[in-house]
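Novice: generate a structure from the sequence data that follows.
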Amino acid sequence: MMTRRLVQLFTGLAMYGISLAMFIRAGLGLDPWDVLHQGLANRSGLSIGVVVIAVSFLVLLLWIPLRQMPGFGTLCNAILVGVFADIGLAVIPPVTHLAAQIGLLAGAVLANAVASALYIGAGFGPGARDGLMTGLARRTGWTVRFSRTLIEVTVLAAGWLLGGSVGVGTVVYALAIGPLVHILLPRFMVATSQSSTVKEPSASTC
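Specialist: Sure, this is the predicted structure:
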């Protein structure tokens, strides 16, 4: 059981990072958090992976006043998604033909959904950004949906102002990822004491 959970966790995080690279190479827009990551990367000169890791640990600092406790999966998420995003960008070439961009975008959305279901289903704890969302909801009494919307609108606006890519892919991701993870998650859910806490997949599960 533990072996399966670990394999799911690491496979999911690797796929998540690769899917981020696919979104970037498609060039049709990113999800809200990655719009912020790309904007920061463009302004700082750092790689997208390094920025993802840095933002993850900055977000984890916000868990302290929310009294959130990171799990093993939380810490793995904070590091490995960024590592595999840079690996993906190193091996996936840019595409310019619209048909190829659309195909890469579709593949990125599907890969991201499978990746999310894998690592959430492993039950090792939420990613830094999801923990911020659920912690904010718990501490304020707001709904998870409202907390998620508030956070993602804020980071999307900040990322756009920094030059991050907003486009049709942003909309496609927002509409598709929730239903896809909802369908896929039961297939990968491993029965653990934490699994009962996973009730609503986020539109950004990193």
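Novice: only C-alpha atoms for contact and neighbour calcs from this point on.
Specialist: Will do.
Novice: right, and Ala158 touches His37 too?
Specialist: No. Ala158 is beyond contact range of His37, at 9.9 Å (criterion: Cα atoms under 8 Å).
Novice: which residues sit in contact with Ala115?
Specialist: Ala115 is in contact with 11-16, counting by Cα atoms under 8 Å, 6 or more residues apart in numbering.
Novice: may I have the predicted confidence score for it?
Specialist: Ala115 is assigned a predicted lDDT (pLDDT) of 96.
Novice: which pLDDT does the model give the closest residue to it other than its chain neighbours?
Specialist: Leaving aside its chain neighbours, Ala115 sits nearest to Gly12 (4.1 Å; criterion: Cα to Cα, 6 or more residues apart in numbering). In this model, Gly12 is scored at 97, pLDDT.
Novice: need phi/psi at Gly12.
Specialist: Dihedral angles of Gly12 (phi, psi; degrees, to the nearest 10) stand at phi -60, psi -40.
Novice: burial measure for Ala41, as a count.
Specialist: Per other Cα atoms under 10 Å, the neighbour tally for Ala41 reads 20.
Novice: I'd say it and Val55 touch.
Specialist: No. Here Ala41 does not reach Val55: they are 10.9 Å apart, not a contact under Cα under 8 Å.
Novice: and the one helix or strand Pro65 maps to, what does it pack onto?
Specialist: In this structure, Pro65 sits in helix 48-66 according to DSSP states H and E. When contacts are defined as 3 or more Cα pairs under 8 Å, 6 or more residues apart in numbering; DSSP states H and E, helix 48-66 packs onto helix 32-44, helix 72-91, helix 128-140.
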